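Chemist: using only what follows, build the 3D model:
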Amino acid sequence: MFLIERREVAEQLVLCERHDRVRQVELADHLRAVMGRLTELAEQHGGVAGPTFTIYRNEEFDPDDLTVETCMPIHHEPAVPVAATVRREPAHHEVFVRLTKSQASPPQVGEAFAAVADHVEQHGLVEADAAREVYFTDFVTAGPDDPVMDVAFVVK
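Modeler: Predicted structure coming up:
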């Protein structure tokens with residue numbers, strides 16, 4: 001059983017990388033590499049301003065063909081072009097479930113997505129953007145029972 005919560009998220013300026021055809025079995029390595037690049041860019045332009053998040057842009061889940069957009073909030077617009085997309089993530093409402101490190105892998109993470117999707121449907125909410133994972137701590141150093149990420153749906 002998952003505890004579904006709700007929160008308001010303010011508008012954020014973010015650095016993003018979007019990749020098509022990411023395989024689920026390669027996702028962890030892919031995310032580490034992208035987050036490393038984005039962190040380096042963010043540090044050159046005012047630093048990281050909040051939790052990194054990955055948006056899953058597929059209409060249907062296909063473990064061999066994921067479209068993922070990883071975004072890192074930054075403090076201010078870079079003055080020079082950077083090797084990532086810079087955009088504003090609009091303010092929004094999210095319903096989410098918090099996961100521990102031991103829950104943050106298949107099949108538990110899939111069960112969390114299903115639980116949040118069921119909550120959205122049961123409460124008559126409307127999805128306003130793609131589902132996402134929000135990472136708010138260092139996954140590598142976290143213990144198995146430490147909270148590490150949220151599975152979130154943007155709703156209106």
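Chemist: now the strands for the protein?
Modeler: Counting by DSSP state E, residue ranges of the strands within the chain are 4-9, 12-22, 52-56, 66-74, 85-89, 92-100, 132-135, 147-155.
Chemist: gap between Ala79 and Arg37?
Modeler: Computed with CB to CB, to the nearest Å, the distance linking Ala79 and Arg37 is 19 Å. Bear in mind the C-beta positions are built from the backbone N, C-alpha and C, glycine included.
Chemist: scan this structure for its longest helix.
Modeler: Among the elements of the chain assigned as helix by DSSP state H, the one spanning the most residues is helix 27-44.
Chemist: got the angle between that one and strand 85-89?
Modeler: 90 degrees (axes from the mean of the first three to the mean of the last three CA atoms, to 10 degrees).
Chemist: hang on, the earlier thing: dump the strands of the chain to CSV, plus distance to Ala117, mean pLDDT and mean neighbour count.
Modeler: Formatted as CSV, the entries for the strands of the chain read as follows, by distance: least, CB to CB, whole Å; pLDDT from 0 to 100; neighbours: other CB atoms under 10 Å:
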stretch, distance to Ala117, mean pLDDT, mean neighbour count
strand 4-9, 11, 98, 14
strand 12-22, 21, 97, 18
strand 52-56, 12, 98, 21
strand 66-74, 17, 97, 22
strand 85-89, 21, 97, 14
strand 92-100, 10, 98, 19
strand 132-135, 13, 98, 22
strand 147-155, 7, 98, 23
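Chemist: Phe153 bridge partners, please.
Modeler: When bridges are called by DSSP bridges, Phe153 pairs up with Val95.
Chemist: oh sorry, the question was meant for Arg132
Modeler: In this structure, Arg132 has beta-bridge partners Ile55, Ala152, where bridges are defined by DSSP bridges.
Chemist: you'd agree it is up against Thr54?
Modeler: Yes - under the contact definition of CB atoms under 8 Å, Arg132 touches Thr54, with a separation of 6.1 Å.
Chemist: common neighbours of these two, please.
Modeler: Counting by CB atoms under 8 Å, 6 or more residues apart in numbering, Arg132 and Thr54 have no contacts in common.
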